[in-house]
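K.L.:
Have a look at this fold, sequence not included:
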């Protein structure tokens, strides 16, 4: 029932939008003076009005009458057709207007203006007559169905509730009721004129029922002299924009990517015509954000538990939405029947690695499709789309309003993209597009064009300025050299994320002055091409009140520092600005507006590579500034009083600053510290690569949580005495005095490049959870410390969870027993390290939490504690380049029951696994260059490991493996097998065929291996990689054509491989990559090669980097 009512409401709204368009000025004006003078259009409008009057009756009757429901579905399809027809008329009117205006603009060569021809008029007349006949049929059918005109009901207002309640039907609300009752009956000191106790929750959870329980409770009557039940309607007003929506719900700043996604969502709504035109001065975007917030408040969308700045839809609502749209929406899914209704207008799918013609053939005949939407948000991997899909399918869908193709490796669009005259939204972001065809400029309805992160894009078509309805043009991450001439014609632009000032006058900076509606983010680059301050002033940046994020960037130094000074001074932005970045500025001073107190909304500022400036602006006066980064400013030698500014007695400098970073300040020497209450909210301080800094550090930073000092070798200072510091990073700054008095609550400590010995400073940091020590050759020896202070040590690191010791030459041994909460231990390049210890008197339960142990490049390590490592939670064990290590820990099969991954690399003296074998939960075993161990592989007992799914065997020049695998070596549970660098391997045994669970197989650099097993490979294989096999000449008789599950196959650097197998490749193969196979390449040439027929069925083929898609 719900879907029927909602579906009918959707049709009514769609029809109303169409009627509004029929009454629009551009459509009416278009027909003036023409042959039929708009009479047919008026006739169609009257037919639609008549049908609209009976929609309420039809929406009610369709629930019980299938005939009425079918009539409504057919009418909706007809309304879509009528809307397309009206849009075609409006598009032609717009095209004529654009051409006339463009030809009349300066610097344009006069050409005959293309107007609506007689053929267009005749075609439209024919279509209007046909549509009128169709609507007349609907009128007759509605009379036969008995549909009549009824008064419209407002379904958006629910009936008022009353306080009446049958309490016998209420269960499970006693605790909630009592908690709220305490709030109602309490008389606290906070009592004001009135109090509000909100009951919040999604629709249907029982908020009203709970309120009734409270209202009817006798204690309420006794406590309050008067009570009344009032039902407030659902109608409300929302005056918040996108970011406010997100932050209000999440309670924190919104994620930039999620905010962009919300903006894109609203843009798709606009493109689809889902939003009515605002009657006030609000923009369509603002109306869209209001609608989103309304849907959010009604729980149509809900906040994601996994990521609070994202929103999800409940599956029941999603199912309802799918039911409402019925045959008009199709989502491509695996396992879903590949049949599609001719009525489909909206299509969505999840992107695949190789999306070929066959995947989308299902929509080839859906010629009225409006939406082609990719709903995959994955940002990793390489995604390819067949050129045939672009050429033969997409550009034939001439009714598309929305086309979404992000992240595909598309290099160009076909010229026929210009056929999509209805297109409003085009997403080509993160593609390999290097240019746009000129035909894009004929898409006069285009409102949103997303080109962000198209790194190969260097120019835009000159006539893109004809797209006068463009509202969003996202060029961030492109490499444009300049903007097209007359970009100021795009007066509806709401978002222009990048503006490049070119060397030619055609892309003059002053064109920005006409773009009054810009808001959000804009990056202006190429400022070295602005010839004067007066030219910069013409951009009128001060008048752009809605710009929130601004980046100003010079591409190279012009040598004219005075001009650059004048330009930046005249780029004075509006004081509403929140984020500012200045890069490569060549002036000698910063302008007065930078740091001015009037910028009371500025929360972040980054100044980078401004090398000619010798002093910083008074940034301490920016009362809202939270994040400040000063980077690569080689002209700065002193940071003095001017940095703090004149804040007066009532305010402290940098009163809101939370993050302060100085990076790569090569000439910075001194920092004037006031210690007068500046930085009261500073949480993070970074000083990185400031080699000449010798000054002091701030002492009074009560909120400091994170302090990082890196590569400051001359800095001699004591640490701030702040009990709030939780993370401390000190690298290559030996002059820093590691005093624990002020930082004893540190939880994460990273120390690197300290040549002096230190020990006692670390012993008092009892709150440490993570300790990382790198390149500290004189770090105390734990073994010596144990002898001196065994009792004290037992209480030092009771909280430590992660310990990394790298390049600590004095480290000989490590007493594991003193780390009761240790989860992660990594010891690397400690050349004198010999052993792990479990000291006497320390209970073995102290190793109960250890999960990961790695010992790498410790050539003197010889042993483990006698009796083994009692670590029941240890899941990962990795030893690499421990040349003297002769044996693994004892009793691994019992003491390490949770071990899942074991990696042994370059440990030549280990000759066997411990007595009792390996733990039964072991899932991955990787062995590289362990000659003695591999020599005894027949005794490994891997068949007893039921969880082993991944095995890697890698050798070097002295490996002893000539045949692999031996009988009983590998378990049948194996899913992944990787064999590489076995230089003496001559044959793969047929026993590989018996690995009935194997899915992935990788063979690499086995130079003496000339063929695959005669018996073939397991039929379960999904991927097969063959690389660097110089003697592999043939794949015949390998049974590859029988591998019915094989999807991915890679053949690389097999120089003597002459052909693909005679039997061909399996039909299941989805991707084939061939690289560095000179004899095979010409045989696989498309249509011409001798082996082409063997691979023509594969959707994705790549040969030496060149992609071939069907």
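P.N.:
Yep, that arrived. Note that the structure is a prediction, hence the values are computed from the model and not measured.
K.L.:
Residue ranges in the stretch 751-900 of the chain under the pLDDT threshold?
P.N.:
Within the stretch 751-900 of the chain, the segments meeting pLDDT under 70 span 757-763, 779-796, 839-846.
K.L.:
where along it do the strands fall?
P.N.:
Ranges of strands in the stretch 751-900 of the chain, per DSSP state E, counting those that start in this stretch, are 770-774, 802-806, 813-815, 824-828, 835-837, 852-856, 876-880.
K.L.:
now the fifth one, how far from the chain's geometric center?
P.N.:
Between the mean C-alpha point of strand 835-837 and the mean C-alpha point of its chain there is a distance of 44 Å (CA atoms, centre = their mean, to the nearest Å).
K.L.:
And the second one, by the same measure?
P.N.:
Taking CA atoms, centre = their mean, one finds strand 802-806 lying 31 Å from the centre of the chain it belongs to.
K.L.:
Residues in contact with it: which ones?
P.N.:
For strand 802-806, the surrounding residues in contact (CB atoms under 8 Å, 6 or more residues apart in numbering) are 769-775, 779, 811, 814, 819, 822-830. For every residue, glycine as well, the C-beta is placed using N, CA and C.
K.L.:
List the buried residues in it.
P.N.:
Using 16 or more other CB atoms under 10 Å as the test for burial, strand 802-806 gives 802, 803, 804, 805, 806.
K.L.:
got the residues you listed as JSON lines, with distance to residue 901 columns?
P.N.:
Formatted as JSON lines, those follow (distance: CB to CB, whole Å):
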{"residue": "802", "distance to residue 901": "18"}
{"residue": "803", "distance to residue 901": "19"}
{"residue": "804", "distance to residue 901": "19"}
{"residue": "805", "distance to residue 901": "21"}
{"residue": "806", "distance to residue 901": "21"}
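K.L.:
Could you work out the most separated pair of those?
P.N.:
Spatial extent of these (CB to CB) is set by the pair 802 and 806 at 12.9 Å.
K.L.:
Now do the lengthiest helix in the chain: which elements does it pack against?
P.N.:
The residue-count maximum for a helix in the chain (DSSP state H) belongs to helix 66-104. In this structure, helix 66-104 makes packing contacts with helix 2-22, helix 25-31, helix 39-53, helix 55-61, helix 118-144, judged by 3 or more CB pairs under 8 Å, 6 or more residues apart in numbering; DSSP states H and E.
K.L.:
For residue 995, find the nearest of these.
P.N.:
Of all the helices and strands packed on helix 66-104, helix 2-22 sits nearest to residue 995, with 50.5 Å by CB to CB.
K.L.:
most tightly surrounded among the helices and strands packed on helix 66-104?
P.N.:
Mean neighbour count (mean count of other CB atoms under 10 Å) peaks for helix 55-61 among those, with a mean of 21.
K.L.:
Just the mean pLDDT for it, thanks.
P.N.:
Per-residue pLDDT over helix 55-61 has a mean of 86.
K.L.:
for it, packing partners?
P.N.:
Identification of packing neighbours for helix 55-61 by 3+ CB pairs under 8 Å, 6+ apart yields helix 2-22, helix 66-104.
K.L.:
rerun that using 6 Å as the cut-off
P.N.:
helix 66-104 (3 or more CB pairs under 6 Å, 6 or more residues apart in numbering; DSSP states H and E).
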